[in-house]
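A.B. asks: how would this look folded up:
(one chain, ligands or ions: 2)
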Amino acid sequence: MSVRINPSILAADFVNLESEVRRIRSADLVHVDVMDNHFVPNLTFGPGTVQRLAEVSDIPLDVHLMIDDPDRWAPDHAEAGAYSVTFHAEAAADPVALARRLRSMGARAGIALKPGTPAEPYLDLLAEFDQVLVMTVEPGFGGQSFLESTMPKLRALRERVSGAGLDVWLQVDGGINEETIVTAARAGADTFVAGSSVFAGDPADRIASLRDAAASTHAH
Ligand code: DX5
Ligand code: ZN
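C.D. replies: Ligands and ions are numbered 1, 2, ... in the order given. Got it, this is the predicted structure:
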């Protein structure tokens, strides 16, 4: 199983995003947290910023929409050049129709689950998505502690994805560091978002050590 490390620029310097994405070019994708101050109590970027980031970044954009009415807004982010667009299950009126629309535009479609949202309603729909994001903190802010209580849900998703032979990435986001990445990798994650733990030090070093920690877990 390959390991992907997606640093979140929520922890980057917002007035120097072009140079910040250069500092994480050894990562797999740039994780872009879009927040609308409605779905979550915080406000960040929109499709205009996504478009410029897609133009200046050497690695593709993994856009995480923490917004109301993604049915209306997610396609704009695909249009802006996002490689993957992940919307929240709790916010989407018709997740399958939205995923199909995103895929028809050439983007990967992802569905995100807040810590309290069960996976069961989506287990039979996994072929409709390219990735599932298991939130390991309540969405809205960086720097929170990893919620181990979300691991049974991740294990259930891993069982179904591997059992059905699906090519669906299982992503975790929130509180990921060199220790918690091992817990998440053991529970079946292959794609890891990390904000504060990457930007707290030298990003290239932090990306390499996160990658090593996850890869050594998968090897066992
Ligand atoms: C939280 C965001 C995360 C955030 C993670 O709502 O979705 O992507 O940037 O930050 P850390 O890694 O600091 O928990
Ligand atoms: Zn995120």
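A.B. asks: give the contact list for the residue in the chain that ligand 2 sits nearest to.
C.D. replies: Closest residue of the chain to ligand 2, CB to the ion: H64 (3.7 Å). To be clear about C-beta, it is placed using only N, CA and C from the backbone, and glycine gets the same treatment. Residues in contact with H64 (CB atoms under 8 Å, 6 or more residues apart in numbering) are 31-34, 86, 110, 112, 133, 173, 193.
A.B. asks: Between those residues, which sits nearest S145?
C.D. replies: Checking these against S145 by CB to CB gives D173 as the nearest, at 13.3 Å.
A.B. asks: What separation do you get for that closest one and G106?
C.D. replies: 23 Å (CB to CB, to the nearest Å).
A.B. asks: More neighbours: which of those two?
C.D. replies: Under the criterion of other CB atoms under 10 Å, the comparison of D173 against G106 puts D173 first, with 26 against 9.
A.B. asks: Tell me the bridge partners for that one.
C.D. replies: Beta-bridge partners for D173, by DSSP bridges, are M135, V193.
A.B. asks: ok, it touching E138?
C.D. replies: No. Contact between D173 and E138 fails when scored by CB atoms under 8 Å: they sit 11.1 Å apart.
A.B. asks: Roughly how far does G174 sit from A189?
C.D. replies: Relative to A189, G174 is positioned 12 Å away (CB to CB).
A.B. asks: between these two, who's got more neighbours?
C.D. replies: Between G174 and A189, A189 has the larger neighbour count (other CB under 10 Å), namely 32 against 26.
A.B. asks: Disregarding residues adjacent in the polypeptide, which is nearest to that one?
C.D. replies: V172 (4.5 Å; CB to CB, 6 or more residues apart in numbering).
A.B. asks: what pLDDT does the one you found get?
C.D. replies: With respect to pLDDT, V172 scores 99.
A.B. asks: so it touches G188, yeah?
C.D. replies: No. Checked against CB under 8 Å, the pair V172 and G188 is beyond contact range at 9.5 Å.
A.B. asks: Between the two, which contacts overlap?
C.D. replies: Contacts common to V172 and G188, judged by CB under 8 Å, 6+ apart, are L154.
A.B. asks: Look at these two and report which has more neighbours.
C.D. replies: V172 (28 against 21).
A.B. asks: got a list of what the more buried one touches?
C.D. replies: Listed by CB under 8 Å, 6+ apart, the contact set of V172 reads 133-134, 136, 150, 154, 184, 189, 191-193.
A.B. asks: If you rank every helix and strand of the chain by mean pLDDT, what lands last?
C.D. replies: Lowest mean confidence among the helices and strands of the chain (mean pLDDT, DSSP states H and E): helix 203-219, at a mean of 94.
A.B. asks: Please enumerate residues in contact with that one?
C.D. replies: Contacts for helix 203-219 (CB under 8 Å, 6+ apart): 1, 3, 5, 7, 23-24, 26-27, 176-178, 181-182, 184-186, 189-190, 192, 194, 197-200.
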